[in-house]
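Engineer: just a sequence and a predicted model for now, questions to come.
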Amino acid sequence: MTPEAVEAVEARTASRASSGVSPWRSLTFKQAVLTLLVALVLGLAVGAVQLWLDWGEMRKEVRRSLDETLSLVEGSASEAVYQLHEELGRQLIDGLFALESLRRAELRDDFGQVLAEREHPMPVTGLTRDWAWLFADICRVQRPLTYAVGSEQPALVGQLSLELAPEVLVERFLRQALTDSLLGSLRALFISALVVAIFYLMITRPLLRLGAAIARVDPANPGRWQAPALPTHRRDELGLLLNHLQHLLGASQAALDERDRARAELSALARDLEVRVRERTAELEQQKDVLARAFSELETTHGELARANRLVLESIQYARRIQTAMLPDKAALDGRLAAIQVRWEPLHLVGGDWFWLEPMGERSLILIADCTGHGVPGAFITLVLASAMKEILRAEGARDPAQILLAIDRLVRARLRQDHPEAESDDGLEAAVAIWDPARRALEFAGAGIPLLCVSPEGRVETIRSARAHLGYRSLPPPEAIPVHRVAVAPGARFYLLTDGVSDHMGGTPPRLLGRRRLAEWLAGQVERSLQDQVADLQRLLDAYRGREPRRDDMTLIAFQPLPSDPPPLDSLRE
């Protein structure tokens, strides 16, 4: 087929391809509309600027014409006014009406008397009246007239006044604007048609030919595609697009060929896999019986572990009941104190914290202890401590806080056989004892590792430090002496005994311990609340401070407030 025939076929194909698109949606129509809009907008913008310039130029022309006219007749007008020559003045005024836009002319002498005047009515339309403001400010002009006799200085002899009709100026300006607008519109239409024709010949028609050629691509054999001839576009974007399209179709053909080869290889691989799957299935059937026996044995083992775990939990729960039974009644000191709150929370079901409340005649004993470890090991130490306390209070009859702590140290060491060289136990505890004496309005305190927090009704906090001593522990020497602190109790004062599981909550950002100092500051700010509300709020504070951090230790808190009474005597001040 000759190149001319190929081009004719492509033209017919392009025509059919373009015929499938509505004329109002075709690229040519869009180009024409867009080009026309751009040309009209630019034409309007240029026309508006030109109109503004013409308006300014016309105003200058009117002023210049008036100035030239006045300069031309100024001498004659001065002569007529000086001589009071009415006929000359009328001739002069009539001559001025050669100006097409002149509406009124007046000549006055220096006494204000009208020497000559004339007014020419002008036809006025609604349009010219509405736009008369365009020239209204330049339509009235007055020129003073001077006259010199001999060598004398020129003297004022009269005045010449002219008034133009702005409607006439507006009409002339609008005629010029209409002419310019028509010419601009015709120019925009011509430019639009020219641009559309150029775009169609250079872009749209080659694109249609290229689109028709793309429509003939065989999806099964894209590499056999015959590219259209675009001789005038070999070095421009359309030529580059055609080259990219040829490269893309060639790559698609290569990919299809590779796909066919891959399919053949995949079919062979699938047949091989089928054989292997059958062989492997036979092996798995053999292993299935082995796994079934293994799972049966595993279920048996899980059952045994579950039973063992249940027995351990039941044992620990029973141990908790035993440890709870060893604790005193929290209401043991009701009526002896204004208020008392006890919170005992082991880390696990059982723990190493322990407390004791007991009336001793008129006095009241409060003890708190933190034994080694937590969980079951710590709970065993509390049982040793509980039996020791019964012996100390019942058999030995100790009534001094320091004597009670020293007796605890002695009995714990003896019962854990820590006084023997071959002893394995190296366990012990920290403890504190507070005895409330209502007769003296005093609180006796002795501590080994656990201090006493005192909060006055005004919110002042004082920490009564404990001795640096530990009770028990084979590796540590027994404490030689533990000092006793006697504290005068003011009405409304509150006291707090707590193990380090309360103050050692970890939280915040970055994580750090809460500490006794911040805990004491918080208690000082809660003096107005009851002890019950205080302890409940403290629990919420600890939970919020800890956040997602887990608890680390057993936690015990005893808060109490002695009964109010008269102020203590001077001899019972703190020693």
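Structural biologist: Alright, I've got the coordinates. Residues are numbered from 1 along each chain as shown.
Engineer: list the residues that contact R394.
Structural biologist: Counting by CB atoms under 8 Å, 6 or more residues apart in numbering, R394 touches no other residue. Just so you know, the C-beta spots here come from the backbone N, C-alpha and C atoms, and that holds for glycine as well.
Engineer: OK, contacts around E458?
Structural biologist: By CB under 8 Å, 6+ apart, the neighbours of E458 are V527.
Engineer: one more time with 10 Å, if that's ok
Structural biologist: 490, 492-493, 524, 527 (CB atoms under 10 Å, 6 or more residues apart in numbering).
Engineer: please, where are all the strands along the stretch 201-350 of the chain?
Structural biologist: For the stretch 201-350 of the chain, applying DSSP state E, counting those that start in this stretch gives strands covering 337-345.
Engineer: re the thing from before, for the contacts of E458, work out which two are farthest apart.
Structural biologist: Within the contacts of E458, two members stand farthest from each other by CB to CB: A490 and A524, at 14.9 Å.
Engineer: so what's L365 bridging to?
Structural biologist: Following DSSP bridges, L365 is listed with bridge partners E358, I435.
Engineer: pretty sure it contacts Q403?
Structural biologist: No: with contact defined as CB atoms under 10 Å, L365 does not reach Q403; the gap is 11.9 Å.
Engineer: just after the helix or strand containing L385, pick out the following helix or strand.
Structural biologist: Per DSSP states H and E: L385 is located in helix 375-390. Going down the chain from helix 375-390, the next helix or strand is helix 401-415, by DSSP H and E.
Engineer: just to revisit the earlier point, between the contacts of E458, which is nearest E274?
Structural biologist: For the contacts of E458, the nearest to E274 is A524 (82.1 Å; CB to CB).
Engineer: what's the separation between the closest one and A212?
Structural biologist: 92 Å (CB to CB, to the nearest Å).
Engineer: name the residue in those two with the higher neighbour count.
Structural biologist: A212 (20 against 15; other CB atoms under 10 Å).
Engineer: hang on, that one packs against P228?
Structural biologist: Yes: between A212 and P228 there is a contact at 7.5 Å, judged by CB under 10 Å.
Engineer: what's around L174, how many residues?
Structural biologist: The number of residues packed near L174 is 14, by other CB under 10 Å.
Engineer: that one: what's it in contact with?
Structural biologist: Applying CB under 10 Å, 6+ apart, the residues near L174 are 127-128, 131, 134.
Engineer: and L127, how many neighbours?
Structural biologist: Around L127 there are 12 other residues, counting by other CB under 10 Å.
Engineer: drop anything exposed from the contacts of L174.
Structural biologist: Neighbour counting with 16 or more other CB atoms under 10 Å marks 128, 131, 134 as buried within these.
Engineer: which parts of the stretch 401-550 of the chain are helices?
Structural biologist: 401-415, 500-503, 515-524, 531-546 (DSSP state H, counting those that start in this stretch).
Engineer: show me what the first one is packed against.
Structural biologist: Pointing back at helix 401-415 there. Counting contacts by 3 or more CB pairs under 10 Å, 6 or more residues apart in numbering; DSSP states H and E, helix 401-415 is packed against strand 363-371, helix 375-390, strand 428-437, strand 442-448, strand 471-472, strand 485-488.
Engineer: tell me what angle the first one forms with strand 428-437.
Structural biologist: Translated: strand 363-371. Counting by axes from the mean of the first three to the mean of the last three CA atoms, to 10 degrees, strand 363-371 points 170 degrees away from the direction of strand 428-437.
Engineer: how far off centre is strand 363-371?
Structural biologist: What separates the centre of strand 363-371 from the centre of its chain is 54 Å, taken as CA atoms, centre = their mean, to the nearest Å.
Engineer: list the buried ones in stretch 486-501?
Structural biologist: Of the residues in stretch 486-501, 486-489, 493-501 count as buried by neighbour count, 16+ other CB under 10 Å.
Engineer: let me redo that: stretch 381-389
Structural biologist: 381-386, 388-389.
Engineer: mind putting those into a markdown table with distance to L53 and pLDDT?
Structural biologist: Shown next, in a markdown table, are those (distance: CB to CB, whole Å; pLDDT from 0 to 100):
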| residue | distance to L53 | pLDDT |
| --- | --- | --- |
| I381 | 107 | 88 |
| T382 | 107 | 87 |
| L383 | 111 | 89 |
| V384 | 113 | 89 |
| L385 | 110 | 90 |
| A386 | 112 | 89 |
| A388 | 115 | 89 |
| M389 | 113 | 90 |
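Engineer: K390: neighbour count?
Structural biologist: Residues contacting K390 under the criterion other CB under 10 Å number 11.
Engineer: for W133, see how far away it is.
Structural biologist: When K390 is compared with W133 (using CB to CB), they lie 117 Å apart.
Engineer: same question, A292
Structural biologist: 107 Å.
Engineer: which residues does the most centrally placed residue in the chain contact?
Structural biologist: For the chain, the residue nearest the mean C-alpha position is T509 (21.6 Å; CA atoms, centre = their mean). Shown in contact with T509 (CB under 10 Å, 6+ apart): G547.
Engineer: quick one, grab the pLDDT at it.
Structural biologist: Per-residue pLDDT puts T509 at 84.
Engineer: can you check Q226 too?
Structural biologist: Reading off the model, Q226 has pLDDT 76.
Engineer: likewise for the one 4 residues further on?
Structural biologist: The model reports L230 with a pLDDT of 74.
Engineer: so how far is L248 from the closest residue to it other than its chain neighbours?
Structural biologist: Nearest residue to L230 in three dimensions, chain neighbours excluded: P206, at 5.6 Å (CB to CB, 6 or more residues apart in numbering). For P206, the distance to L248 equals 18 Å [CB to CB].
Engineer: check Q532 too.
Structural biologist: As for Q532, its distance to L248 is 83 Å (criterion: CB to CB).
Engineer: also R517?
Structural biologist: 76 Å.
Engineer: quick check on the nearest residue to P562 once chain neighbours are set aside: phi, psi?
Structural biologist: Among residues not flanking P562 along the chain, V489 sits closest, at 5.1 Å (CB to CB, 6+ apart). Per-residue torsions, V489: phi -100, psi 120 (degrees, to the nearest 10).
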